[in-house]
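Student: Sequence first, predicted model second:
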Amino acid sequence: MATYQYFIDYFNEAPSLIKLAWVTICILFTAIVILTIYLKLIRTALRKKNTESAKFKAEYEATLIEYLYSGSENGDINDLQIATIEKLKTSVHIKSKRKIIISILYNLMNEVSGEMSDSIKTLYFKTGLYNYALSRLENKNWYIIAKGIGELTRFKIEEAHDLVVPFIKHPRHEVRKETQLYMVNMFRFNGLTFLNDLKEPLSEWAQVQLLETLQKFDDQQICDIKPWLKSTNNSVVLFALKLAKIYNQFETKDTLMELLSHPIKEIRVKVIRVLTNLYGIEAKEMLKANFNELSLEEQISFFGLLEKLVVPSDEPFIEKHLFHKNFEIQLLALKILKSINLDKFMGLSKSPKNKSNKKILKFVTNI
Amino acid sequence: MDTSTVKIILQILHYLFFGYAFAAITSYIILSIISGKETIEYLKKNSFVNYKDILSSTMSPSITIIAPAYNESLNVVENVRSLLSNHYVNYNVIIINDGSTDNSLEKLIEAYDLEKVDFIINEKIKTQPLRAGVFKSKNPAFEKLMIVDKENGGKADTLNMGLNISKSKYVACIDVDCLLLEDALQKMIKPFLEETDAKVIATGGVIRIANSCIIRGGKLIDVNLPKKLLVQSQILEYLRAFLLGRMAWSRLNGLLVISGAFGIFDKETAIAVGGYDTKTVGEDMEIIVRMRRYMEEKNEKYKVSYIPDPLCWTEAPDNYKIFISQRNRWTRGTIETLKKHRKIGFNRNYGSFGMLSYPYWLIFERLAPIIEVIGIVYFAILIILKEVRWEYALSFLLLAYIFSVLFSIIALYSEELTFHQYKKKGTGYKLVLLTALEPFVLHPFILYAAIKGNYDYYFNKKKKWGVMQRKGLAST
Amino acid sequence: MSKNKIVLAEDNSTLSLLLKFRLEKEGYDLFIAKDGREAIDLIEKETPDLILTDIMMPFVSGLEVISHLRLKLDLDTPIIVFSSAGQEEMVIKAFNLGANDFMGKPFSPNELIIRVKRLLN
């Protein structure tokens, strides 16, 4: 008791700065104790959740597979399947279990096709998972909406179309992207109409995902991409260029030729690459004539085009650039020369007065 | 000098120290708040991301993993295998043997069925020449792999050769002794592809400590808390630095360092600035500062991104000798970088980079050990002069200590609520105990190493060169 | 007559289970590996009659499994590879290494059964 009183007195007599220090120490110390206890609780809860999830996953994986195989040929639902649906219905009310069921179904949805994926979709509707996904669309948090759209996309739920479409103008780009992916997943090239009046840039990430989605379908009937090549949105132009390349859009050649004078360098360089793929002989002559006005990147791309589309009459042009200051152009020029006029190329390596890089020459000789 | 002058000087010093400590603590509080916000945002963004299309797409951008190797023959074969099994289609791996004196190359040739190929390097950055040359595998299963054998030139020189050789848009520079998880590339490439209104010049990853973890055949099987207190403390230190510090700085777009052990760079920018600096021991920090400076001077909008997921695991020093020499090197790297780019500091033309990031590093990283030593000396003088007011000294010392413990606990929280890597029962208790012990286990040695680093930098030039020539990865 | 043994290497555990269930119903003995390394171990231990492997797997890829089997173990056990969209190049490599058949994901388990039967007869 005496020591306690001593501390009280000491504290009361101490200068205010020290008082403040001790008060802060006590507060922080209490915080540490509380946080430690809470940390313990969190860790225990997380551990428990992990074991339960693993157990639940193993159990439901088996149930779901059984369900999928017990289906009859004509797609009717039998008693065993009804029992499974009922069992799942009660579980989907619990968030953690719902998450696991969705992940199991999704894992399969990606890997199997035909009657089995239809069967998974039926299950998705019957167990009420569909309604949960729809309720997510009404959430006020953008990332929950995005999650909901993503889920509808994965399970190929065309039925939600009308509810999803409005999100194409959502202020968050993540939500817009998920909506775009949904559209393309459901309606393939027809789902790309949002590009017509897209104002915001289309990220590289979104572009790759869209292209991947399009390539998944067997039906590769592409629509007219010319309007997108002429778009004022540069990212749309770049995306259309990728489409032109992948789907060999020979009919866009004229539009591509016009794009060779686009104000953005990146676009011009990409156009040259696409034209290389599309055998743009016309572009070759035009670029050859303006070669010195091109930027270095365009010049390199152009030599890439020449490598593929060279004809013997290009020889004087190639010769003129054998000593180009750029390494890649030198290398390509020598390679091209070797392919069209081997004698002249060999003569080059023997002639002592040539100024070109000996290393490159030797390398090209050996390949 | 009469006593009153001494008193006044002491008084001024007193306020200076107090102000410094107060500023440091405030900055920690602000950084943890920012990092909390950023972490929540990161988790929200990642709650619905579908990586599947990116990893399997041939349209996603190409990445080259550049891994310099110096006398790594013990593990090199297995490590290469783990690098080859990343889940991403469009990538390749270049292992550059930096003039190793062991049998690394022979081992690789044997394990991967390599043959020498004709190769020409466009020497955009000057490097040491090739030694045995360039090798590729005869087996199509290892088509992604290229092994380059060159004359010894240090880590920076070796990475530069990788930059010259790579044909990809992005390069991932890593230490060959690091274990990369299989989703590392897809996660790290995301910031480059997502950003539409600024150019992402680099993305940094987190380094996790692999000591005592079970790794079988290049795969992380089980995460354990190491037994040694020194290594445990480093785990806590890394959690604080990566989950609180870097997370906050990435939000402020003020990251000055990307760990040399794992980072992805925009190759064009890295080459435009001349690649890694071979004259510094801190090449990983220096290149980021130089790339940022380049972008600022070009007046282009840019970003250095950061991914907090535990994707890269590496062995940390498990004895004090190696630990001290590592930190000594880090200190010298920081001094060199800040000195070389002095121009940026407090320079409005460099925006927040010059007005915030640089000054913060200078004052709270570079100068902290020096100020601390001055503080200790000052305190000793006070004791000698019997000027110590113990009730102040003790209560504030305790306050500082409690604060540092609390800060570590907050770091533990961000780990538990995000990645939760140390799942085992009983580990939580050890980690909390560690927050109390760490200031004694680690801090004195960090201080010692930093002071030694300062000393070596200014007075021991020979040592500086000695370390540089031997610099491979052996000491990391 | 003993049952035909099949090693299935696939990192998607649900798909593994689904295929195991289906193939066992057809009367095969299934051994499941989660990655390429486990697959190689299982192949060496069990000497299966058929191997089903995904191309992209953690640690040791499907390609490596094939090359190990054909080049190192010198076995001509039939192999079917699973691939996803965009892995066409890898499928070609797989065939060059000695794969016998491939199935692009998503696929129908029934079709897999038909191909398995064809290779085992």
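Tutor: Ah, there it is.
Student: hey, where'd the helices end up in chain C?
Tutor: Along chain C, the segments classed as helices by DSSP state H run C:13-25, C:36-46, C:62-67, C:88-97, C:109-120.
Student: correction: the stretch 51-200 of chain B
Tutor: Remark: helices assigned in the stretch 51-200 of chain B by DSSP state H, counting those that start in this stretch are B:52-56, B:76-84, B:104-112, B:154-165, B:184-194.
Student: Would you mind finding the most buried of the ones you listed?
Tutor: Across the helices of the stretch 51-200 of chain B, averaging neighbours per residue (mean count of other Cβ atoms under 10 Å in any protein chain shown) puts helix B:154-165 on top, at a mean of 25. Backbone N, C-alpha and C define where each C-beta goes, glycine included.
Student: Report all helices and strands that that helix contacts.
Tutor: Contacting helix B:154-165 under the criterion 3 or more Cβ pairs under 8 Å, 6 or more residues apart in numbering or on different chains; DSSP states H and E are the following elements: strand B:63-69, strand B:91-98, strand B:145-150, strand B:170-174, helix B:267-272, helix B:283-298.
Student: which one of these lies closest to chain C?
Tutor: The stretch from the helices and strands packed on helix B:154-165 with the least distance to chain C (Cβ to the nearest Cβ) is strand B:145-150; that distance is 11.4 Å.
Student: any bit of that closest one sitting next to chain A?
Tutor: No. For strand B:145-150, no contact with chain A is found by Cβ under 8 Å from any Cβ of the partner chain; the gap never falls below 15.5 Å.
Student: So residue B:437 is in contact with residue B:230, correct?
Tutor: No. Between residue B:437 and residue B:230 there is no contact under Cβ atoms under 8 Å: 10.9 Å.
Student: any low-confidence regions in the chain?
Tutor: Unless you meant another one, I'm taking chain A. A:1, A:71-76, A:219, A:351-356 (pLDDT under 70).
Student: hm, I was asking about chain B
Tutor: Scanning chain B for pLDDT under 70 picks out the ranges B:1-2, B:217, B:461-476.
Student: give the contact list for the most centrally placed residue in chain C.
Tutor: Central residue check for chain C by Cα atoms, centre = their mean: the C-alpha nearest the mean position is that of residue C:52, 1.1 Å away. If you count contacts by Cβ atoms under 8 Å, 6 or more residues apart in numbering or on different chains, residue C:52 has them with C:6, C:7, C:8, C:9, C:10, C:19, C:79, C:80, C:82, C:112, C:116.
Student: Next one: it from residue A:108, what distance?
Tutor: 16 Å (Cβ to Cβ, to the nearest Å).
Student: repeat for residue C:39
Tutor: For residue C:39, the distance to residue A:108 equals 21 Å [Cβ to Cβ].
Student: if you count what's nearby, which of the two comes out ahead?
Tutor: Here residue C:39 and residue A:108 are compared on neighbour count by other Cβ atoms under 10 Å in any protein chain shown; more neighbours surround residue C:39, at 29 against 23.
Student: My read is that the more buried one contacts residue C:6, right?
Tutor: No. Between residue C:39 and residue C:6 there is no contact under Cβ under 8 Å: 11.5 Å.
Student: who touches both of these two?
Tutor: Overlap of the contact sets of residue C:39 and residue C:6 (by Cβ under 8 Å, 6+ apart) consists of residue C:51.
Student: List the contacts of residue 56.
Tutor: Answering for chain A, as no chain was given. Contacts here follow Cβ under 8 Å, 6+ apart; on that basis residue A:56 touches A:97, A:100.
Student: Actually, chain C is the one I wanted.
Tutor: Contacts were defined as Cβ under 8 Å, 6+ apart; by that measure residue C:56 touches B:55, B:56, B:87, C:62, C:83, C:84, C:87, C:90.
Student: Which one of those is nearest to chain A?
Tutor: Ranked by distance to chain A (Cβ to the nearest Cβ), the contacts of residue C:56 are led by residue B:56 at 7.1 Å.
Student: thought the closest one was touching residue A:213?
Tutor: No. Applying Cβ under 8 Å, one finds residue B:56 not in contact with residue A:213, separated by 11.6 Å.
Student: Show me what from chain C comes close to chain A.
Tutor: Residues of chain C lying near chain A by Cβ under 8 Å from any Cβ: C:12-15, C:17-18, C:21-22, C:25, C:85-86, C:105-111.
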